[in-house]
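Student: Okay, predicted coordinates and the sequence, questions at the end:
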Amino acid sequence: MADALVSFAVQKLGDFLIQKVSLRKSLRDEIRWLRNELLFMQSFLIDAEQKQSGDQRIQQWVFEINSIANDAVAILETYSFEAGKRASRLKVCACICWKEKKFYNVAEEIQSLKQQIMDISRKRETYGITNIINAGEGPSNQSAMVTTLRRTTSYVDDQDYIFVGLQDVVQTLLAQLLKEEPRRSVLSIHGMGGLGKTTLARKLYTCPDILNSFRTRAWICVSQEYSTMDLLRNIIKSVQGRTKKTLDLLERMTEGDLEIYLRDLLKERKYLVMVDDVWQKEAWESLKRAFPDSKNGSRVIITTRKEDVAERADNKGFVYRLRFLSQEESWDLFCRKLLDVRAMVPEMESLAKDMVEKCRGLPLAIVVLSGLLSHKKGLSEWHKVKDHLWKNIKEDKSIEISCILSLSYNDLSTALKKCFLYFGIFPEDQEVEAENIIWLWMAEGFVPRGEERMEDVAEGFLNELIRRSLVQVAKTFWEKVTECRVHDLLRDLAIQKALEVNFFDIYDPRSHSISSLCIRHGIHSEGERYLSSLDLSNLKLRSIMFFDPDIYNVFQHIDVFRHLYVLYLDIKGGVIPDAIGSLYHLKFLRLTGIHDLPSSIGNLKNLQTLAVVNKSRSFCQLPPKTVDLINLRHLVAWYSEPLERISKLTSLQVLKGVCCDQWEDVDPVDLVNLRELSMHYISDFYSLNNISSLKNLSTLTLSSELDHLSRFPSLEFLNSCQKLQKLWLKGRINKLPLFPNSITIMLLWKSRLTEDPMPILGMLPNLRNLELDGAYEGKEIACNDNSFSQLEFLTLKYLYNLERWDLGTSAMPLIKGLHIYGCPKLKEIPKRMKDVKRIL
């Protein structure tokens, strides 16, 4: 973790020497000296990192090196950017004069850094920091780690891990929720952090019996810092949807208006509301008036660490204190999470049982310990883990969970540490989009360039953190993690470790403070005050992430952003000024509630990700200059006007939000790197044949949903997409085409087919996952012998006319998951399917 900035600075200094061939020899020598010295210092940072937790002097030494690395990059970037602007504006002689002056300024600043480096070198000897690069994570080890992670990119779905031995609890609580009591009642679950309260609540919330009983459901997270108005808005959005009309209406309402509106919305409904992570009884008191008691069996579930909050939520409600796991259940859970139980020899098993026993039945501690030991090979390595843990145990007490979490964090590689810490900058309990965090890691430089696609390497990093139980899976789609989260205790660890190495800081509006030493700032509330009252002018910030919906005037302070690589604005909206084009170094730009971007956006030649997210799916205006973003890899925006010459974006990997009439005249032959395409508003008079020119396309989403009569044009081109693996067709289809054999996952939604699709789909040799959702209007489906040879998961939803399902004796030999919902006339399923696990 400690060498993150230094590694980046070394790379930048080397690039600068290559690009600026006209540098004076004296200046070139100074920059080369600085680069070599930082490279030398980097070899000592691993040892320093291992020692610094207990030594304030070493912490200061590491910080000083990081500061110099950051200053060096800022000097070079400012020079490069200003030189680029001047070269386009000034005549040659004037430009030469300016460069001479600028070279002099750079030389002076480099000399200052050189003196600081020499001082730091003397301190290294004083603190006894030695070079252990060969024993640590050298370049070859780092490369091997990346290759390994890329090779094993599957994740461990841990949604059910907490229920080892606790099925009786689930049934007890289900009975309380479903019992014949008309009064609106509250079920409170309480217990210490890490016991699995939220996971238990989620199990209840998604149970089929609950889905059938409560047609209206909503889930909100309260956390320690909460806004009653935001909580009320979130419940209303869950119940009513996120249409533009609803969102605009909610923004104009006062807290009292929202409370009345929600009461009226729920008054005639039987509802279930999940209120997660309540820390103060006042939070529930501020909400409960909005939940009417219409004597129809409505329920509220509360999770909290505080017993008094649980006890006082409802005088007649049901309060459950979540128990710890027994010793037998703990061992079962540990083994389930261990990657390779068969490799555990008797001596290792004995060691592991000792450690698991000391976890005293706390599930989070057990799964993190299991994730840690899964990556330790051999008996001696397991002994080292036990010895380390035993140092922190006094008498016969249990292991502190913070010790296990810290040990697991310290076991991560440098790259994985940076990736894990990044989760801490997001608000508590926020579910993070997987592709969002992956693209952020790329922009920050955490993902090494090499033969593998950076997106694939970063996905491997995410899956590794999941396997170690440091990150939890929130949602999956198409066999991939789409949303994830970190447990509160792990988020606390990430924030603590981040502050130790000045990785990031979060603005505290109560003390009106944030660390000026950190190069990444997170702002969760009172963003206007952060910008207007703090002196940010001299900071060399790399990332600013705003999660404050009440901020509008971000770009009045554009000077603060001039060194940014990441600008993340999860805000209500506002106007983007032309000055955004001066943020030359920007690699990641996410905007929410923005409808127009200026032409200057085309100046951002380093931009990798541009995401314009309008939650009501209203369109934005992308200027024609967007096609000048030559390094753009991910374009996610519902935009209104065609982007001519979009094929210039040859680096593009992901394109989401394009409408069919914008694509009609595109020649995609140069989009050689495009892997994922999402297209909307397709009419039957369009031709989609040019999609077959996308030779590397692996994921395709097509939607024809203009109205209930709209349908797809011919889809015969799909058979030419020989690398297509994942296909989602949303809308009416006249006739199924032949599909390429490469398809592994397919979702047909509201296709309204009149012919049985199973004979065609059953021939696909690699199809593993199939979902038919309102896709067929007939009465019978037939799966012939030898069909669906690789199918593992099948979903049949809203097939209202389906009465009969014939299944050949050799069809679907590998099936292991089945979900049937909204098929009222299907009275019986094939006998062989009755033993297949039902999935949600």
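Tutor: It's in. Numbers count the residues shown, from 1 in each chain.
Student: alpha carbons only for contacts and neighbour counts from here, please
Tutor: Will do.
Student: Let me know the next secondary structure element after the helix or strand of the chain with the lowest mean pLDDT.
Tutor: Averaged element by element with mean pLDDT, DSSP states H and E, the chain has its least confident helix or strand at helix 139-151 (a mean of 47). Under the assignment DSSP states H and E, the closest C-terminal helix or strand after helix 139-151 is helix 167-178.
Student: and that following helix, what other elements does it pack with?
Tutor: With contacts defined as 3 or more C-alpha pairs under 8 Å, 6 or more residues apart in numbering; DSSP states H and E, the secondary structure elements packing on helix 167-178 are helix 197-205.
Student: which parts of the helix it packs on are buried?
Tutor: Of the residues in helix 197-205, those buried under the neighbour-count criterion (16 or more other C-alpha atoms under 10 Å) are 197, 198, 199, 200, 201, 203, 204, 205.
Student: what's the answer for stretch 748-758, then?
Tutor: Buried residues in stretch 748-758, defined by neighbour count with 16+ other C-alpha under 10 Å: 748, 749, 750, 751, 752, 753, 755, 756, 757.
Student: now the end-to-end length of that stretch.
Tutor: Taking C-alpha to C-alpha, to the nearest Å, the first and last residues of stretch 748-758 lie 12 Å apart.
Student: same check, this time on stretch 780-796
Tutor: From its first residue to its last, stretch 780-796 covers 13 Å (C-alpha to C-alpha).
Student: try stretch 266-285
Tutor: One end of stretch 266-285 sits 18 Å from the other (C-alpha to C-alpha).
Student: What are the buried residues along it?
Tutor: Neighbour-count burial for stretch 266-285 flags 266-267, 269-281, 283-284 (criterion: 16+ other C-alpha under 10 Å).
Student: same thing with stretch 180-190?
Tutor: If you call a residue buried by 16+ other C-alpha under 10 Å, then stretch 180-190 has these buried ones: 184, 185, 186, 187, 188, 189, 190.
Student: for the stretch 301-450 of the chain, which spans come out with low pLDDT?
Tutor: Low-confidence segments of the stretch 301-450 of the chain, defined by pLDDT under 70, are located at 394-396.
Student: circling back: want to throw the buried residues of stretch 748-758 into a markdown table with secondary structure?
Tutor: Listed next are these as a markdown table, based on DSSP: H, G, I helix; E, B strand; the rest coil:
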| residue | secondary structure |
| --- | --- |
| 748 | strand |
| 749 | strand |
| 750 | coil |
| 751 | coil |
| 752 | coil |
| 753 | strand |
| 755 | coil |
| 756 | coil |
| 757 | coil |
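Student: Is it possible to get JSON lines of those that adds pLDDT and distance to residue 622?
Tutor: What follows is the buried residues of stretch 748-758, written out as JSON lines (pLDDT from 0 to 100; distance: C-alpha to C-alpha, whole Å):
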{"residue": "748", "pLDDT": "96", "distance to residue 622": "31"}
{"residue": "749", "pLDDT": "94", "distance to residue 622": "30"}
{"residue": "750", "pLDDT": "92", "distance to residue 622": "31"}
{"residue": "751", "pLDDT": "93", "distance to residue 622": "32"}
{"residue": "752", "pLDDT": "93", "distance to residue 622": "35"}
{"residue": "753", "pLDDT": "95", "distance to residue 622": "37"}
{"residue": "755", "pLDDT": "95", "distance to residue 622": "42"}
{"residue": "756", "pLDDT": "96", "distance to residue 622": "42"}
{"residue": "757", "pLDDT": "96", "distance to residue 622": "40"}
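Student: What is the helix or strand where residue 459 lies packed up against?
Tutor: Following DSSP H and E, one finds residue 459 within helix 454-467. When contacts are defined as 3+ C-alpha pairs under 8 Å, 6+ apart, helix 454-467 sits against helix 139-151, helix 414-422, helix 434-444.
Student: What helices and strands are in contact with the shortest one?
Tutor: Counting contacts by 3+ C-alpha pairs under 8 Å, 6+ apart, helix 414-422 packs against helix 454-467, helix 488-500.
Student: Buried deepest among these, which one?
Tutor: helix 454-467 (a mean of 23; mean count of other C-alpha atoms under 10 Å).
Student: relative orientation of that helix and helix 434-444 in degrees?
Tutor: With axes from the mean of the first three to the mean of the last three C-alpha atoms, to 10 degrees applied, the angle from helix 454-467 to helix 434-444 works out at 120 degrees.
Student: Could I get the CA-only coordinates of helix 454-467 as CSV?
Tutor: The C-alpha atoms that make up helix 454-467 are tabulated as CSV, following Å, rounded to 0.1, in the frame of the first residue of the first chain:
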residue,chain,number,x,y,z
MET,A,454,-7.5,-4.1,-17.4
GLU,A,455,-11.2,-4.7,-16.9
ASP,A,456,-10.6,-8.4,-16.6
VAL,A,457,-7.7,-8.0,-14.2
ALA,A,458,-9.8,-5.6,-12.0
GLU,A,459,-12.7,-8.0,-12.0
GLY,A,460,-10.3,-10.6,-10.7
PHE,A,461,-9.2,-8.2,-7.9
LEU,A,462,-12.9,-7.8,-6.9
ASN,A,463,-13.6,-11.5,-6.9
GLU,A,464,-10.5,-12.1,-4.8
LEU,A,465,-11.7,-9.6,-2.2
ILE,A,466,-15.1,-11.5,-2.2
ARG,A,467,-13.4,-14.8,-1.8
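Student: now that helix: how far from the chain's centre is it?
Tutor: The chain centroid and the centroid of helix 454-467 are separated by 11 Å, computed with C-alpha atoms, centre = their mean, to the nearest Å.
Student: buried set for the following helix or strand past that helix?
Tutor: Remark: after helix 454-467, the chain's next helix or strand is strand 472-477, criterion DSSP H and E. In terms of neighbour count (16+ other C-alpha under 10 Å), strand 472-477 has its buried residues at 472, 473, 474, 475.
Student: for strand 472-477, packing partners?
Tutor: Under the contact rule (3+ C-alpha pairs under 8 Å, 6+ apart), strand 472-477 is packed against strand 480-485.
Student: Now the strand it packs on: average pLDDT?
Tutor: In this model, strand 480-485 has an average pLDDT of 92.
Student: let's number from 47 now, not from 1
Tutor: Yes, from this point I'll number from 47; that puts the last item at strand 526-531.
Student: May I see the buried residues of it?
Tutor: Neighbour count says strand 526-531 has 527, 528, 529, 530, 531 buried, by 16+ other C-alpha under 10 Å.
Student: In a helix, residue 635, correct?
Tutor: No. Secondary structure of residue 635 (three-state DSSP): strand, not part of a helix.
Student: Around it, count how many other residues there are.
Tutor: Other residues near residue 635 come to 20 when the count uses other C-alpha atoms under 10 Å.
Student: Return the residues in contact with it.
Tutor: With contacts defined as C-alpha atoms under 8 Å, 6 or more residues apart in numbering, residue 635 is in contact with 612, 613, 614, 615, 653, 655, 656, 657.
Student: redo that, cut-off 10 Å
Tutor: For residue 635, the residues meeting the contact criterion (C-alpha atoms under 10 Å, 6 or more residues apart in numbering) are 486, 489, 610-615, 650, 653-658.
Student: which two from those residues end up farthest apart in space?
Tutor: Farthest-apart pair in the contacts of residue 635 is 610 and 658; separation 18.0 Å (C-alpha to C-alpha).
Student: Between these two, which has more neighbouring residues?
Tutor: Between residue 610 and residue 658, counted using other C-alpha under 10 Å, the more crowded position is residue 658 (26 against 22).
Student: Am I right that that one is in a strand?
Tutor: Yes. Secondary structure assignment (three-state DSSP) places residue 658 inside a strand.
Student: who touches it in this structure?
Tutor: Each residue near residue 658 by C-alpha under 10 Å, 6+ apart is listed here: 615, 635-643, 665-668, 681-685, 703.
Student: now swap in residue 651 and tell me
Tutor: Per C-alpha under 10 Å, 6+ apart, neighbours of residue 651: 627, 629, 630, 631, 632, 633, 672, 674, 675, 676, 677, 678.
Student: repeat for residue 286
Tutor: With contacts taken as C-alpha under 10 Å, 6+ apart, residue 286 has the following neighbours: 262, 280, 292, 308, 311.
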